[in-house]
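**Student:** I would like to see how this sequence folds:
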Amino acid sequence: MEREQRRLAAIVAADVVGYSRLMGRDESGTVARLRRARVERLEPILARRGGRIVKLTGDGALIEFASAVEALAAMVELQQAMTESEAGTPEAERLVFRVGLHLGDVIVDGDDLYGDGVNVAARLEAEAVPNGIVISGDMHNAVAGRLAATFEDLGQLALKNIERPIQAFAVHWQAADWLVTRHSPAPQSAPITPSQADAPLPLPDKPSIAVLPFQNMSGDPEQEYFADGTTEDIITELSRFHSLFVIARNSSFSYKGKSPDVRQVGRELGVRYVLEGSIRRASNRIRVTGQLIDTLSGSHIWAERYDRVLEDVFAVQEELTQSIVRAIAPYISEAEVAKVRRRRPDSLSAYEKAIRAHAKAWNAWMKSDRALCDEAIGEAREALSIDPDSTIALAAFSLAHFQHLARGTAADRDTAWRESMAAATRSTEVDRAEGFGHVMRGMLLASMPEQTRLDEARECARRGHDLNPHDMRSLMGLAYVETLVGNPERAMELLRQALRVSPRDPMRPNLHQQLTMASFGAKQYANGVAYAQLGIGEAPDLPPLHLYLATNYVGLGEIEKARAAMAEARRIGPEFAQRHLTGAFVGVDRERQWLFARIAAGLEDPATADALR
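**Tutor:** Sure thing, here's the model as predicted:
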């Protein structure tokens, strides 16, 4: 029997007051106004605050947030935005929402949510006054004192079909604290992402941690890979815990070589805890130190030093991870902690070669560097010749081959696809808890030209993400698959999560590239242009940004701008542009492949844009 999936979430239930009356007055006009409010008001706020629309219900919506603070802030912004936008409308014709929020356990079924947590939010929404918000006691405990709002105690409410009384609070705020007209995006304007926000990021509603790069104290620059690999392994292991919020590797490594104030790190990354440490390696001995710091107070929670023979470095990694989990999340069960006990490499030499290959594969992704891909493949082969079951080397080998496929630089596409798939599959066989192997399989299956295994592709990618929900690679890979199988809106949600998990990530241009691609699939062409321009501002030589900028310009009917962007894509990455423009590796529906063919033909027919609408 399949195990039921649950998670803690901030749930929002919202609906329109007097919807039946408004529909009776002007059915088509009301539907159009509600759609416009969603696109112009709700969706930009959710993009900024990290919310996800679970379902729309005619006159309302069910929305999920990972953060209670972000959920309430988003709903206050929405109510304030609607008040401002409807101010000139006759009172009887205004669109007015009422909102209920609850922080609780929900049952996960694909993209849908069920359970008591959802029901409580829906019943609280019915208790709200027009343009008002009512929250549960659990939500109040999570947000009190963290927002510019006050809370009126409504006591214990007996809610319909809820067996127990629910403590509830009405939310009140001053309009001056929440004016949104000046910064609410216009329809399909430049998206605001967490990486652009100047204000400190809010703390998640679960223990949150960043692992800073361990310092190499050996005096040997060659040991940098070893120190970095140890840091990355600890991040990977922590990321397996659904009960933790873990900052991704790339944002943590943005502090490499620096001595930042951990309190500033906490504000910049939005985390409660920081782990820092060092590694000293001499002969066959190794010393690893670690200290866990509370970023709010700057105080040390614990510190530990490990002196071991070199081969025990993997045991030290496990002990460090277990100590962290027990220190910051004591409610996590021993069964959860046991997940840290994973397969250890058969050879230290293979491990060191594997982490070099892994680093080069991801640097190649960020830099769109063909030579680095080849180096990664070569070093991964060397590692696998020593330890054929090295999951790190298998991941690097599979990813590097995939990059050649994606960019049209593979010498033999069939061979590259087979080798990439074989490595990804082997990784999942060696370690069932290794999420990225499943994600790679999903990416490869989704990108098959014949597109016959799309359901399997999505299943693989989602399984990988479930195994490692805070892993940037898994988030980006699943988003890629969701775009290709026809769910671009879900892809955009995942990519915004990735921006929160890694707010200082040097891979932001790659994230913006995927957001540009997903926007095209969702026919949100103005957003696609905006995301592409954000990415190009940081990485002007990344070919996919220019290619998808061109396609989104076509969607807007701006053919001359599309031609210029396409010319730049061809100049920078001729193999990539040609591969995508001939219909391979671009998605699932024939309309899109036809569009790419039209662009390849020179964008001579402006009617192409009309066909997109």
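**Student:** thinking residue 445 is in contact with residue 459, fair?
**Tutor:** No - between residue 445 and residue 459 there is no contact under C-beta atoms under 8 Å: 9.2 Å. Yep, even glycine has a C-beta here, placed from its N, CA and C like the rest.
**Student:** Quick check on these two: which one has the bigger neighbour count.
**Tutor:** The residue with more neighbours, out of residue 445 and residue 459, is residue 445; 24 against 16, by other C-beta atoms under 10 Å.
**Student:** Just the element for the more buried one, please.
**Tutor:** helix 435-446 (DSSP states H and E).
**Student:** With only the CA atoms kept, save the helix or strand following that helix in CSV.
**Tutor:** Downstream of helix 435-446, the next assigned helix or strand under DSSP H and E is helix 454-467. Presented in CSV, the C-alpha positions along helix 454-467 are these (Å, rounded to 0.1, in the frame of the first residue of the first chain):
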residue,chain,number,x,y,z
LEU,A,454,6.1,11.7,-20.5
ASP,A,455,4.0,10.2,-17.6
GLU,A,456,7.1,8.2,-16.5
ALA,A,457,9.3,11.3,-16.9
ARG,A,458,7.1,13.3,-14.5
GLU,A,459,6.8,10.4,-12.0
CYS,A,460,10.7,10.1,-11.9
ALA,A,461,11.3,13.8,-11.5
ARG,A,462,8.7,14.1,-8.7
ARG,A,463,10.1,11.1,-6.9
GLY,A,464,13.5,12.7,-6.9
HIS,A,465,12.2,16.0,-5.6
ASP,A,466,10.3,14.3,-2.8
LEU,A,467,13.5,12.5,-1.7
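**Student:** can you give me how far the following helix or strand past helix 454-467 is from the chain middle?
**Tutor:** As assigned by DSSP H and E, the chain's next helix or strand after helix 454-467 is helix 472-484. Here helix 472-484 is found 9 Å from its chain centre; the criterion is C-alpha atoms, centre = their mean, to the nearest Å.
**Student:** so what does helix 472-484 touch, helix or strand wise?
**Tutor:** On a contact count with 3 or more C-beta pairs under 8 Å, 6 or more residues apart in numbering; DSSP states H and E, helix 472-484 meets helix 435-446, helix 454-467, helix 488-501, helix 508-521.
**Student:** who wins for proximity to residue 102 among these?
**Tutor:** Across these, the minimum distance to residue 102, taken as C-beta to C-beta, is reached by helix 488-501, at 20.5 Å.
**Student:** Between helix 454-467 and that closest one, find me the angle.
**Tutor:** Between the axes of helix 488-501 and helix 454-467, defined by axes from the mean of the first three to the mean of the last three C-alpha atoms, to 10 degrees, the angle is 20 degrees.
**Student:** which residues in the stretch 501-613 of the chain form strands?
**Tutor:** Assigned by DSSP state E, counting those that start in this stretch, the strands in the stretch 501-613 of the chain number zero.
**Student:** All the helices of it, residue numbers only.
**Tutor:** Taking DSSP state H, counting those that start in this stretch, the helices of the stretch 501-613 of the chain run over residues 508-521, 525-538, 543-556, 559-572, 574-581, 590-600, 607-612.
**Student:** before we move on, what about the stretch 151-300 of the chain?
**Tutor:** Using DSSP H, counting those that start in this stretch, helices in the stretch 151-300 of the chain cover 224-239, 249-252, 262-269.
**Student:** how far out from the middle of the chain is the shortest one?
**Tutor:** This means helix 249-252. 14 Å.
**Student:** Adjust the sequence numbering to begin at 456 for everything that follows.
**Tutor:** Renumbered: residue one is now 456, and that last one reads helix 704-707.
**Student:** and that helix, average pLDDT?
**Tutor:** On average, the pLDDT along helix 704-707 is 87.
**Student:** Please apply the same query to stretch 592-603.
**Tutor:** pLDDT averaged over stretch 592-603 gives 86.
**Student:** got it, and stretch 717-734?
**Tutor:** Per-residue scores along stretch 717-734 average to 87.
**Student:** And it, end to end?
**Tutor:** 19 Å (C-alpha to C-alpha, to the nearest Å).
**Student:** Just the element for the nearest residue to residue 854 once chain neighbours are set aside, please.
**Tutor:** Ranked by C-beta to C-beta, 6 or more residues apart in numbering and with sequence neighbours excluded, the top spatial neighbour of residue 854 is residue 816, at 4.6 Å. With elements delineated by DSSP H and E, residue 816 resides in helix 803-822, which encompasses its position.
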